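Peer 1: Here is a sequence together with a model predicted from it:
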Amino acid sequence: MINRPGFFAAMVLAVAGLAAAGCSSSSSSSGASAASSSSTPSSSSSAVNLSSVTLNIGDQKGTGAEAVLKAAGLLNTLPFHAVWSDFTSGPPMLQAMASGSVDIGGVGDAPPVFATSGGEQVEIVGARQTPDGDQDAVVVPKNSPITSISQLRGKKIAYAQGSSANYDLLTVLKKAGLTIKDVTPASLQPAPALAAFTSGSVDAWDIWPPYVQQVTAQNGARVLATGSAYGSPYSFEVASKAAVADPAKAAAIKAYLTTLDKAYIWTATHTDAWATAWSDASGLPISIMQVAAKVSATTPVPITSAITASEQNLVDQFYAAGLIPNKVDISGYITSEFNNTVP
């Protein structure tokens, strides 16, 4: 998220590689000087010795920031001590952030909405945009009689609650004249959702790359809806408000975002090399990852009023659908303080 013979082996490896949760690793810089980071508006004016700072980073194993930084050759240039923790998707990562065990992590468009509506003290500190729009997709099994979104009425659909797939599904159903109440939702994290989909326990699955490419290539799944007409084109780096308010942590966040943005630009401009590295990290075949790398490439962008408005739209739609308890003002949970990290 190495080619292996046989469908069963490939699926087991994919589940293990993409869905491992709670594992952690650490890395420390052997590169730039600690004085290389200037203070953010949250930090003091004096330079922070980043070599003495630990940043706890949430990630999605094989698919997220650590794999991207390693592929781009930038992982060992981080000027602070990084402790990595892997999660199956964005929502459990932000729950860990709320508990204080994670300082920052990358998620899709919906997790910050669910987190802030639930009272979690987190803040969007960085953004990326997928030029071709949201690449989450609704897929159905190879032999399914379903050929259109309207035929999903009453059907069982797997998705990760509070994830980008949750918002994608909301917009897909809305455009077809349906609501979430017209279907039977099955809230499943990617690994159990993959198992449910391939066993026929669910009628459809809303999911993101590279799972989309995996099930279409390995299982003959068909895509019912994907692309710019649905979901949101943005993904985010989210930090705890406590980390942003801490001068040392804020300086480390600035250094992290600066390096991570460079790495994501590298993946977008070196898709074949990134596909190879992504394949190695995830255990999925290179042929699958080449497709996934192209469609899911993201570009770092500054936080703007348009991005804030886009995320507020998610809040409004989730609240109207009865899926979040509070209609928050997302502007209180998003900052442009770190915009100068965008190349």
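Peer 2: Now that the structure is in, tell me what you want to look at. Since this is a predicted model, take the numbers as computed values, not measurements.
Peer 1: Do a quick rundown of the helices in the chain.
Peer 2: Along the chain, counting by DSSP state H, helices occupy 7-19, 65-71, 90-99, 111-117, 164-175, 190-199, 211-219, 241-245, 247-269, 271-282, 286-295, 305-320.
Peer 1: Thought residue 63 was touching residue 277, still the case?
Peer 2: No: look at residue 277 against residue 63 with Cβ atoms under 8 Å: they stay out of range, at 11.2 Å. For glycine as for every other residue, the C-beta is placed from the backbone atoms N, C-alpha and C.
Peer 1: out of these two, which sits in the more crowded spot?
Peer 2: residue 63 (25 against 20; other Cβ atoms under 10 Å).
Peer 1: if I read this right, the more buried one contacts residue 278, doesn't it?
Peer 2: Yes: assessed by Cβ under 8 Å, residue 63 is found in contact with residue 278 at 7.3 Å.
Peer 1: So which bits of stretch 80-92 are buried?
Peer 2: 80-92 (16 or more other Cβ atoms under 10 Å).
Peer 1: To clarify, my last question referred to stretch 189-199.
Peer 2: Those would be 189, 190, 191, 192, 193, 194, 195, 196, 197, 198, for stretch 189-199 by 16+ other Cβ under 10 Å.
Peer 1: Looking at those, spot the one nearest residue 120.
Peer 2: Using Cβ to Cβ, residue 189 is the member of those that lies nearest residue 120, at 18.7 Å.
Peer 1: Give me the phi and psi angles of that closest one.
Peer 2: phi -70, psi 160 (degrees, to the nearest 10).
Peer 1: And the residue nearest the centre of this structure?
Peer 2: residue 107 (3.4 Å; Cα atoms, centre = their mean).
Peer 1: ok now do that one, which residues does it touch?
Peer 2: For residue 107, the contact set (Cβ atoms under 8 Å, 6 or more residues apart in numbering) comprises 89, 90, 93, 94, 164, 235, 236, 238.
Peer 1: Tabulate those (JSON lines), appending pLDDT and distance to residue 282.
Peer 2: Putting those into JSON lines (pLDDT from 0 to 100; distance: Cβ to Cβ, whole Å) gives the following:
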{"residue": "89", "pLDDT": "92", "distance to residue 282": "15"}
{"residue": "90", "pLDDT": "94", "distance to residue 282": "17"}
{"residue": "93", "pLDDT": "96", "distance to residue 282": "18"}
{"residue": "94", "pLDDT": "96", "distance to residue 282": "22"}
{"residue": "164", "pLDDT": "95", "distance to residue 282": "18"}
{"residue": "235", "pLDDT": "96", "distance to residue 282": "18"}
{"residue": "236", "pLDDT": "98", "distance to residue 282": "22"}
{"residue": "238", "pLDDT": "98", "distance to residue 282": "23"}
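Peer 1: What part of the protein, helix or strand, is modelled with the least confidence?
Peer 2: Least confident helix or strand, the chain: helix 7-19 with a mean of 36, by mean pLDDT, DSSP states H and E.
Peer 1: Return the subset of the buried residues of stretch 80-92 lying in strands.
Peer 2: Counting by DSSP state E, the part of the buried residues of stretch 80-92 found in strands is 81, 82, 83, 84, 85, 86.
Peer 1: quick one: the fourth one and residue 64 touch, right?
Peer 2: No: under the criterion of Cβ under 8 Å, residue 84 lies out of contact with residue 64, with a separation of 9.0 Å.
Peer 1: any chance of the buried residues of stretch 80-92 in JSON lines, plus distance to residue 243?
Peer 2: Converted to JSON lines, the buried residues of stretch 80-92 look like this (distance: Cβ to Cβ, whole Å):
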{"residue": "80", "distance to residue 243": "12"}
{"residue": "81", "distance to residue 243": "14"}
{"residue": "82", "distance to residue 243": "13"}
{"residue": "83", "distance to residue 243": "13"}
{"residue": "84", "distance to residue 243": "15"}
{"residue": "85", "distance to residue 243": "14"}
{"residue": "86", "distance to residue 243": "19"}
{"residue": "87", "distance to residue 243": "17"}
{"residue": "88", "distance to residue 243": "22"}
{"residue": "89", "distance to residue 243": "21"}
{"residue": "90", "distance to residue 243": "17"}
{"residue": "91", "distance to residue 243": "19"}
{"residue": "92", "distance to residue 243": "18"}
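Peer 1: Residue 120 touches residue 94, doesn't it?
Peer 2: Yes: with contact defined as Cβ under 8 Å, residue 120 reaches residue 94; the gap is 6.2 Å.
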